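Asks: give the three-dimensional model of this entry:
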Amino acid sequence: GMLLARYRVRCRITVSTPASCRYSSAEVKAAEGNQKPLALFPAAISWKPTTTPRVKHEALPTIKYKMLQAKNRPARTIDLWKVLEEAGTRPNEEICEYAMTAYFQLKKYDEAISVFSNAYGLGIESLRLYNLALRVLRAMNRTRDAEAVFRKIVSKKLKPDVYSYSTIISALCDAKQLSKARALLEQMKKDDIPPNAVVYAAMLNGYYISGRGDKAVALVNEIQSTDLVLDNFLCNLMIMVYVKHQADKVIALYTKIQEKGHTLETRTRISLVPFLRVEEAEKITEELSSNTRWAGQVYRAFATCLTKNKLYARAKEVFVTMKEKEISLTAEDFVTRITLSTDSGAQEDVIVDLWNEMNELEIVPTIRAFNALLSFYLSVGDTKKAEHYFSHMSEYQLVPDLVTYNIMISLASKTANVARGEALFSQMVSQKIEPDKFTYTTLVHMYSRSGMPGSAAEWHAKMEEAGIQPSNVTYTVLIGHYTRANDIKSAEFLWARALKEEITGDRILYEAALNMFNKASYLDYAMEMVKEMEGTHSMCKY
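Replies: Residues are numbered from 1 along each chain as shown. Next comes the predicted model:
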């Protein structure tokens, strides 16, 4: 009882740390705002008792033992740290670690950094303390300071471990500094430290949130090629990446994860519904539709699944069920249904029924809804209907966007209507909408099909001036255009560029190049290309 009374210290006592090492909450917040580096590494300091210590000098083993006993009670650990400071007992590495951990658990990050600074000033250094400092600075969103600590680890030759790397990489990903994080991941591999699930999850989440689908997919493929033991969070992330950016492989990944017995979050399971077999998708829908939080999302996903499988009547029934259960339908629901119906080769009556259903439910169409409808008429080449709906957008106070204009210019290109295509482009520019790769490619195609090679070449030049990198579609159109215009030299130049940029995996691009070689009587080159295509593509009909 006497021992407990002696050491039961309350938090009203001020921490007696050197002024140069002490940080208030206000100072930390101010530093966060202007990114002024914290004074993490002070010069050597002395450790003296306060003028009126509450207890006599305690033996270090005693304090250490008491802290160990209070490991799951951070407030008690902090009380003991304050007693140690007042008594002037010089701490060791383990005691500093206990104190930092306790302050971190109570989210007193500035005090935790003060402990680290004191330890550094007293010459107490260890990788565990540096790792704790990294963890605290990440929680404070102090990425620059975390980088400084990591550099100090390297300069002190303490050899960063998997925890060091995972914490700094996670901090960089939180700050969206993905290139730095990736460089450290590669350095981690060079140091023969296999990246763990935390590192890969941080990188993958950073790529996913920032919309860098190509990087995210490549990282998922890299993860699958390793012997990494996956955790549930990483598995969920991998599936979400494939759902958004690699839909054709999502079921194969889902099957692998199921075989390993990982648990998927509800939102991940819902995102998988459109890709599953109808029976399996229906089972998940029945399971989750009773939960009001998830009912709307799972019904929408199931309707998407049915539409992809051309079960239009059943998809409509799902939306009727949503209405009966007073789950609000949105224009985005109809965007999905119209888009998928178009992709599934639905007839016009199916699309018109969906549009009318949206109007009957008094859902105001959005720009995306109009774009989905116009895309359908582009796919069937019905210019008249597309122009009709295009002109009706103003009735809903909607202004056409880049996608809208690209669709309408594509329709003009299909019918070789140069005057309409030029008028649409002028209207687009007047509204200060910047043309993209698709716009330029479509215009080149339009002039080429209309027998205007000079104008096609002019728009190709404008595309180059705008600094827009051609895609495989662009190269196909341009090579085809110059071949038809008997400008074999320009066609050859573009094919050489496509090879240099490794844009050679598209069958239609190969066919355009074959046409060029055939017209130029380069039969040897043509035969070499045919042999190359035999391994990767179905043979062209020549």
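Asks: name the residue closest to the centre of this protein, please.
Replies: Centroid check for the chain by CA atoms, centre = their mean gives Y208 as the closest residue, at 1.5 Å.
Asks: so what's that one up against?
Replies: Listed by CB atoms under 8 Å, 6 or more residues apart in numbering, the contact partners of Y208 are 216, 237, 240-241, 244. Where you see a C-beta, it was placed from the backbone N, CA and C, and this is true even at glycine.
Asks: try it again with 7 Å
Replies: By CB atoms under 7 Å, 6 or more residues apart in numbering, the residues touching Y208 are 216, 237, 240-241.
Asks: which of those fall within helices?
Replies: 216, 237, 240-241 (DSSP state H).
Asks: and of the residues you listed, the nearest to A295?
Replies: Among those, M240 lies closest to A295 (CB to CB), at 20.6 Å.
Asks: OK, contacts around the closest one?
Replies: M240 sits next to 208, 268, 271 when contact means CB under 7 Å, 6+ apart.
Asks: need the contact list for T339.
Replies: A372.
Asks: let's have the chain start at 57 instead
Replies: New numbering, starting at 57: the last item is T395.
Asks: need the pLDDT of it.
Replies: pLDDT, T395: 86.
Asks: quick check: buried residues in the helix or strand hosting it?
Replies: Taking DSSP states H and E as the definition, T395 sits inside helix 387-399. Applying a neighbour-count criterion of 16 or more other CB atoms under 10 Å, the buried positions in helix 387-399 are 387, 389-398.
Asks: also stretch 273-283?
Replies: For stretch 273-283, by 16+ other CB under 10 Å, it's 273, 275-276, 279.
Asks: returning to what we had before: could you dump the buried residues of helix 387-399 to a markdown table with distance to D248?
Replies: Compiled in a markdown table, the buried residues of helix 387-399 are given as follows (distance: CB to CB, whole Å):
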| residue | distance to D248 |
| --- | --- |
| A387 | 54 |
| D389 | 51 |
| F390 | 54 |
| V391 | 50 |
| T392 | 47 |
| R393 | 52 |
| I394 | 53 |
| T395 | 48 |
| L396 | 48 |
| S397 | 53 |
| T398 | 52 |
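Asks: and the ones in helices among the contacts of Y264, which is closest to N174?
Replies: Looking across those and measuring by CB to CB, the closest to N174 is L293, at 38.7 Å.
Asks: from P330, how far off is that closest one?
Replies: 19 Å (CB to CB, to the nearest Å).
Asks: same question for R207.
Replies: Counting by CB to CB, the gap from R207 to P330 is 46 Å.
Asks: higher neighbour count, these two?
Replies: P330 (22 against 11; other CB atoms under 10 Å).
Asks: list the contacts of L290.
Replies: 253, 256-257.
Asks: tell me which of those residues is nearest to E567?
Replies: Y256 (39.9 Å).
Asks: what residues are up against that closest one?
Replies: 275, 279, 284, 290.
Asks: now flag whichever of those is closest to N128.
Replies: Nearest member of the contacts of Y256 to N128, counting by CB to CB, is L290, at 28.5 Å.
Asks: list the contacts of K245.
Replies: K245 neighbours (CB under 7 Å, 6+ apart): P251.
Asks: and the pLDDT at it?
Replies: Among the per-residue scores, K245 shows a pLDDT of 93.
Asks: just for this structure, where's the confidence low?
Replies: 57-92, 99-127, 556-564, 576-598 (pLDDT under 70).
Asks: so what would you say the end-to-end distance of stretch 380-388 is?
Replies: 19 Å (CA to CA, to the nearest Å).
Asks: V299 against V306, yeah?
Replies: Yes. Here V299 reaches V306: they are 5.5 Å apart, a contact under CB atoms under 7 Å.
Asks: who has more neighbours out of those two?
Replies: V306 (22 against 18).
Asks: any idea how far the more buried one lies from R333?
Replies: From V306 to R333 the distance is 13 Å (CB to CB).
Asks: still on that earlier bit, could the contacts of Y256 go into JSON lines alongside secondary structure?
Replies: Formatted as JSON lines, these follow (DSSP: H, G, I helix; E, B strand; the rest coil):
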{"residue": "L275", "secondary structure": "helix"}
{"residue": "I279", "secondary structure": "helix"}
{"residue": "L284", "secondary structure": "coil"}
{"residue": "L290", "secondary structure": "helix"}
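Asks: JSON lines for those residues, including distance to V354?
Replies: Below are the contacts of Y256 laid out as JSON lines (distance: CB to CB, whole Å):
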{"residue": "L275", "distance to V354": "28"}
{"residue": "I279", "distance to V354": "28"}
{"residue": "L284", "distance to V354": "31"}
{"residue": "L290", "distance to V354": "24"}
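Asks: widest-spaced pair of these?
Replies: Top of the distance list for the contacts of Y256 (CB to CB): L275 and L284, 11.6 Å.
Asks: report the secondary structure state of R349.
Replies: R349 ends up coil, using three-state DSSP.
Asks: list phi and psi for it.
Replies: phi -70, psi -40 (degrees, to the nearest 10).
Asks: for it, give its distance to K339.
Replies: R349 is 19 Å from K339, by CB to CB.
Asks: do C229 as well
Replies: 36 Å.
Asks: before we move on, the earlier item: and R349 and K339? Which one has more around it.
Replies: K339 (13 against 8).
Asks: what's the first helix or strand after the helix or strand containing that one?
Replies: Using DSSP H and E, the secondary-structure element containing K339 is helix 334-344. Once the chain leaves helix 334-344, the next helix or strand it forms, by DSSP H and E, is helix 351-364.
Asks: what helices or strands is that next one leaning on?
Replies: Under the contact criterion of 3 or more CB pairs under 7 Å, 6 or more residues apart in numbering; DSSP states H and E, helix 351-364 touches helix 322-328, helix 334-344, helix 368-380, helix 387-399.
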